[in-house]
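Undergrad: For reference, the sequence and a predicted model appear below.
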Amino acid sequence: MKKTKLKPHPLRIIRKSRGMTLENLSKAAFVAVRTITGIESGEITTPRYATRRRLLISLGLEMSSHREVFEKNYKPNQCSLCGSKI
């Protein structure tokens, strides 16, 4: 059986590109690791404004980029290669 790769959340991609662990970002943003994990896994789909703001600032991003990071159409159960549902 072929394994399918889930599409990573933009927050995870940015966090990893900055070389930050969940714990690093959690401490910098004063946001619980569980909350960050929930956002990255798609379990939390609409994080509070204050949470989004703290995460973006801690990642060195402008608030104007919040739509790209916390996009409403993120689907963790969609194949990142072909876009089909898993």
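TA: Cool, got the structure. Numbers count the residues shown, from 1 in each chain.
Undergrad: So which residues of this protein form helices?
TA: 10-17, 22-29, 33-41, 49-58, 66-69 (DSSP state H).
Undergrad: will you turn those helices into JSON lines that also has mean neighbour count and mean pLDDT?
TA: C-beta here means a position set from N, CA and C on the backbone, and glycine is covered the same way. Below are those laid out as JSON lines (neighbours: other C-beta atoms under 10 Å; pLDDT from 0 to 100):
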{"stretch": "helix 10-17", "mean neighbour count": "16", "mean pLDDT": "91"}
{"stretch": "helix 22-29", "mean neighbour count": "16", "mean pLDDT": "97"}
{"stretch": "helix 33-41", "mean neighbour count": "17", "mean pLDDT": "95"}
{"stretch": "helix 49-58", "mean neighbour count": "17", "mean pLDDT": "94"}
{"stretch": "helix 66-69", "mean neighbour count": "13", "mean pLDDT": "79"}
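Undergrad: Can you pull up the most central residue in this protein?
TA: L11 (2.8 Å; C-alpha atoms, centre = their mean).
Undergrad: Now do that residue against I57, distance only.
TA: Distance, L11 to I57, using C-beta to C-beta, to the nearest Å: 13 Å.
Undergrad: likewise A50?
TA: On the measure of C-beta to C-beta, A50 and I57 end up 11 Å apart.
Undergrad: Kindly report the same for T46.
TA: 19 Å.
Undergrad: Check R18 too.
TA: 13 Å.
Undergrad: What of S41?
TA: Distance check for S41 against I57: by C-beta to C-beta, it reads 22 Å.
Undergrad: what do you get for P10?
TA: Taking C-beta to C-beta, one finds P10 at 16 Å from I57.
Undergrad: Same check on M63?
TA: 8 Å.
Undergrad: S17 now?
TA: Distance from S17 to I57, by C-beta to C-beta: 16 Å.
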